[in-house]
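**Student:** Provide a 3D model corresponding to the input given below.
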Amino acid sequence: MIPSPWPLRSGAVLLRDAAADDVEQLLSFRNDPDVNRFMIRTSVEPDTFRDDWLAVATSDRDFSCVAELDGDVAAMGFLEVVDGMGQPGMPTGTEDHLGLRRVTAGCNADNAASVRVLEKAGMRREQHGVQDSWHAELGWVDGYQYALLADEWRAAREREGVRP
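**Tutor:** Numbers count the residues shown, from 1 in each chain. Next up is the predicted model:
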């Protein structure tokens, strides 16, 4: 089993494993209409949501986390480690301590805040999916797919003078 990459701090933001005490706060975020505007599922069933978050601690693929800002739970992040597509014999679990060779992220094309976060993180937009997702309230919406290779991440960190 791959160990959790958390905690990880960047400035005032701390990414950490979710604790059972966090789940109700995360549920309130998840079912907040302002948060859900850009999510495909505009609400979640509370018991299923709780069960899913409590299962993260024992998963070997799900590394979802809580983001704290100045000690307060401010957001949740979703990270699932999966191998890419490939021929038989493709290496698995390569590169860094999480085994990441390539990181991908998707967002609603109209979600300017998510676009800024992904691009600030150094990710490149690889796809603009026109009407690729159904949203119960908005109908068909466009989506963006971003990616970043481990080599690109390391090179950017070196240019910034930060040890990867």
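
**Student:** drop to CA atoms for contacts and neighbour counts, all remaining ones
**Tutor:** Fine.

**Student:** so where do the strands sit in the protein?
**Tutor:** Secondary structure of the chain by DSSP state E: the strands cover 8-10, 13-16, 65-69, 72-77, 102-108, 124-135, 139-149.

**Student:** what does the longest one contact?
**Tutor:** Where contact means C-alpha atoms under 8 Å, 6 or more residues apart in numbering, the residues beyond strand 124-135 that reach it are 39-42, 109, 118-119, 140-148.

**Student:** please redo it, this time with the cut-off set to 7 Å
**Tutor:** Ile40, Trp140, Val141, Asp142, Gly143, Tyr144, Gln145, Tyr146, Ala147, Leu148 (C-alpha atoms under 7 Å, 6 or more residues apart in numbering).

**Student:** still on that earlier bit, now render the strands of the chain as JSON lines, adding distance to Glu158, mean pLDDT and mean neighbour count.
**Tutor:** Converted to JSON lines, the strands of the chain look like this (distance: least, C-alpha to C-alpha, whole Å; pLDDT from 0 to 100; neighbours: other C-alpha atoms under 10 Å):
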{"stretch": "strand 8-10", "distance to Glu158": "17", "mean pLDDT": "85", "mean neighbour count": "10"}
{"stretch": "strand 13-16", "distance to Glu158": "22", "mean pLDDT": "92", "mean neighbour count": "20"}
{"stretch": "strand 65-69", "distance to Glu158": "26", "mean pLDDT": "93", "mean neighbour count": "20"}
{"stretch": "strand 72-77", "distance to Glu158": "26", "mean pLDDT": "91", "mean neighbour count": "15"}
{"stretch": "strand 102-108", "distance to Glu158": "18", "mean pLDDT": "91", "mean neighbour count": "18"}
{"stretch": "strand 124-135", "distance to Glu158": "18", "mean pLDDT": "95", "mean neighbour count": "14"}
{"stretch": "strand 139-149", "distance to Glu158": "14", "mean pLDDT": "94", "mean neighbour count": "17"}
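
**Student:** out of those strands, nearest to Leu26?
**Tutor:** strand 72-77 (6.8 Å; C-alpha to C-alpha).

**Student:** right, I'll call it a day here.
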